[in-house]
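Peer 1: Any chance you can model this:
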Amino acid sequence: MSGTQAEFGYSCWDFLFTFAGLPLSLLDIVLDMFAAASFYREKAFVCLGVLVLLLVGSSLLAQAYSWLWYSYDNFEMKTKIEKLPSRGLLRLLHLFQLGIYFRHAGVLEMYVKSFYTRKSESAGKAMFLNQDLSMLRIIETFSESAPQLTLMLTIILRKGQLDPVTVLKAIGSASAIAFSVTTFHRAMRSFLPEKKKQKITSSAVYFIWNLLLISSRLSALALFASVLPCFIFTHFICSWLVLFFFAWRSKTDFMESPGGEWLYRATVGLIWYFNWFNVVEGNTRNRTVLYHGYILIDISILCGVWCWKMSTDPLDFVNQPSYASITAACVVGVYILGLLIKAVYYKCFHPNLDGDELKGASTEQQPEDEVDGMFRNMGAVAPACCNKRMRKLSENFYSQPAAPASPPEESAS
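Peer 2: Here you go, the predicted model:
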């Protein structure tokens, strides 16, 4: 199996994660429909309106990115499935919110083709498409899944229904969000040279600390929303404006059009509201510490407000005031534990590379034979095409600035 991985550039784990993505997405749609129907039957029209807003807004955002990326690539389709519709029909597919599933079908086509034909060209195209798809999943995760889980947790808290099944559902939803972040992490691994490839253990640790950080953040938001539901929207808008300002000041360079870049910065502000996402290359330790310090203080304040409200107007499931203090302390403690495990990941598992060490460096300016030789010397397969967008994100995640006088510090992403 190791020879196959070296030849094609991806592992069976990557294939399984990608293959499971489409049915899970379809299942998510079905569950969303059941949730909407449940709100309607219960005449919870405010919750229904918020849910519909999240679903429609998230879908429009993801479809906008998908269409922009097709336009940036001059509509050069890499799979037979993508070549079926004309440009006009492709536009209609995105208008009807089907562009993402169209992309997913193309990724599966290239993975299956590379498996049977054993050609590195097909594997390179599969990785190219999967990298875009993983970023679209991240956008969908933090524009729909994370706020939707916060909504569900808020409803659970207000009703006081903390039965084991409900708790397991919440943990499962949080795990799905962390899983989406982990698949993005694995997509970034495709840019690493073979000698720097990370094992599945690194992805497991990556999943755990993301699960802890995201769970703590969403729990704090849900606790606050359960006692002050109207103010959660004010909290989001104010926080998003601050985070959007810092995304703008970071001078991101991800999209290929001014309008697209502003959309990306607004999306980064949305993602930062729930979880850290590195957007610039170089040593980002100070920015990461500042961000996590801000979120930790915010979580503490949200939990503190909830404890205060529980002392004056407790919910049904809070039988004693000490329960509220213990709950709030646990939420903050989980976030701190996640930070400690994140530190372990960057200390033990995270490779720091110069930008030129990443696969796909300057392939646009080099002859094809020279590029093939370069990648063979690195022990990797030369990609059929380089995803410039995702390579920028990989540089942000893995690389660090050169330091001639002393060894470079480990970057935090």
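
Peer 1: pLDDT below threshold where in the stretch 201-350 of the chain?
Peer 2: Across the stretch 201-350 of the chain, the ranges flagged by pLDDT under 70 are 282-283, 315-321.

Peer 1: try 50
Peer 2: By pLDDT under 50, the stretch 201-350 of the chain has no low-scoring segment.

Peer 1: Start from the N-terminal end of it and give the helices.
Peer 2: With DSSP state H, counting those that start in this stretch, the ranges of helices along the stretch 201-350 of the chain come out as 231-249, 258-274, 285-312, 321-348.

Peer 1: Compare the ones you listed and give me the one nearest Ser190.
Peer 2: Across the helices of the stretch 201-350 of the chain, Ser190 has its closest neighbour in helix 321-348 (18.9 Å, CB to CB). Every residue, glycine included, has its C-beta placed from N, CA and C.

Peer 1: What is the closest one packed up against?
Peer 2: Helices and strands touching helix 321-348, as assessed by 3 or more CB pairs under 8 Å, 6 or more residues apart in numbering; DSSP states H and E, comprise helix 200-227, helix 285-312.

Peer 1: Show me what counts as buried in the last one.
Peer 2: The reference is to helix 285-312. 287-288, 291-292, 295-296, 298-300, 302-303, 305-307, 309-310 (16 or more other CB atoms under 10 Å).

Peer 1: For Phe115, state which of those is nearest.
Peer 2: Closest to Phe115, out of all of the buried residues of helix 285-312 and judged by CB to CB, is Thr288, at 38.1 Å.

Peer 1: Asp253 and Leu393 touch, don't they?
Peer 2: No. Contact criterion CB atoms under 8 Å: Asp253 and Leu393 do not qualify, at 11.1 Å.

Peer 1: So for those two, which residue has more residues nearby?
Peer 2: Comparing Asp253 with Leu393 by other CB atoms under 10 Å, the one with more neighbours is Leu393, at 24 against 12.

Peer 1: give me the element that one is part of.
Peer 2: Secondary structure assigned from DSSP states H and E places Leu393 in helix 388-398.

Peer 1: which parts of that helix are buried?
Peer 2: Within helix 388-398, the residues scored as buried using 16+ other CB under 10 Å are 389-398.

Peer 1: TSV for those, including pLDDT and distance to Tyr40?
Peer 2: Converted to TSV, these look like this (pLDDT from 0 to 100; distance: CB to CB, whole Å):
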residue	pLDDT	distance to Tyr40
Arg389	83	39
Met390	82	40
Arg391	81	45
Lys392	82	43
Leu393	83	39
Ser394	79	44
Glu395	79	47
Asn396	78	43
Phe397	76	42
Tyr398	74	47
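
Peer 1: and of the residues you listed, the nearest to Ala174?
Peer 2: Minimum distance to Ala174 across the buried residues of helix 388-398 is 22.4 Å, recorded for Phe397 (CB to CB).

Peer 1: quick one: that closest one from Gln131, how far?
Peer 2: Separation of Phe397 from Gln131 (CB to CB, to the nearest Å): 12 Å.

Peer 1: Need the residues touching each of those two.
Peer 2: By the contact definition CB atoms under 8 Å, 6 or more residues apart in numbering, Phe397 and Gln131 are jointly contacted by Met188.

Peer 1: Could you pull up the residues touching the residue positioned nearest the centre of the chain?
Peer 2: Most central in the chain under CA atoms, centre = their mean is Ile138, positioned 3.0 Å from the mean C-alpha point. By CB under 8 Å, 6+ apart, the residues touching Ile138 are 180-181, 184, 271, 277.

Peer 1: Mind doing that once more with 7 Å?
Peer 2: Going by CB atoms under 7 Å, 6 or more residues apart in numbering, Ile138 touches 180-181, 184.

Peer 1: can you tell me the helix or strand for it?
Peer 2: helix 120-140.

Peer 1: which element follows that helix toward the C-terminus?
Peer 2: Sequence order places helix 146-159 as the next helix or strand after helix 120-140, per DSSP H and E.

Peer 1: Show me what that next one is packed against.
Peer 2: Secondary-structure packing of helix 146-159 (3 or more CB pairs under 7 Å, 6 or more residues apart in numbering; DSSP states H and E): helix 45-72, helix 164-189, helix 200-227.

Peer 1: The second one versus helix 120-140: what angle between them?
Peer 2: Comparing the axes of helix 164-189 and helix 120-140 via axes from the mean of the first three to the mean of the last three CA atoms, to 10 degrees yields an angle of 140 degrees.

Peer 1: Check the last one too.
Peer 2: The directions of helix 200-227 and helix 120-140 differ by 20 degrees, with the same axes, to 10 degrees as the criterion.

Peer 1: change the start of the numbering to 10 and stick with it
Peer 2: Okay, using 10 as the starting number, the last item reads as helix 209-236.

Peer 1: coming back round to it: now the helices and strands packed on helix 330-357 in a markdown table, with distance to Val343?
Peer 2: Below are the helices and strands packed on helix 330-357 laid out as a markdown table (distance: least, CB to CB, whole Å):
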| stretch | distance to Val343 |
| --- | --- |
| helix 209-236 | 4 |
| helix 294-321 | 9 |
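
Peer 1: Show me the one of those helices that comes nearest Phe254.
Peer 2: helix 294-321 (12.6 Å).

Peer 1: quick one: the closest one to helix 240-258, angle?
Peer 2: 170 degrees.

Peer 1: Between helix 267-283 and helix 294-321, find me the angle.
Peer 2: Helix 294-321 and helix 267-283 are oriented at 50 degrees to each other (the same axes, to 10 degrees).
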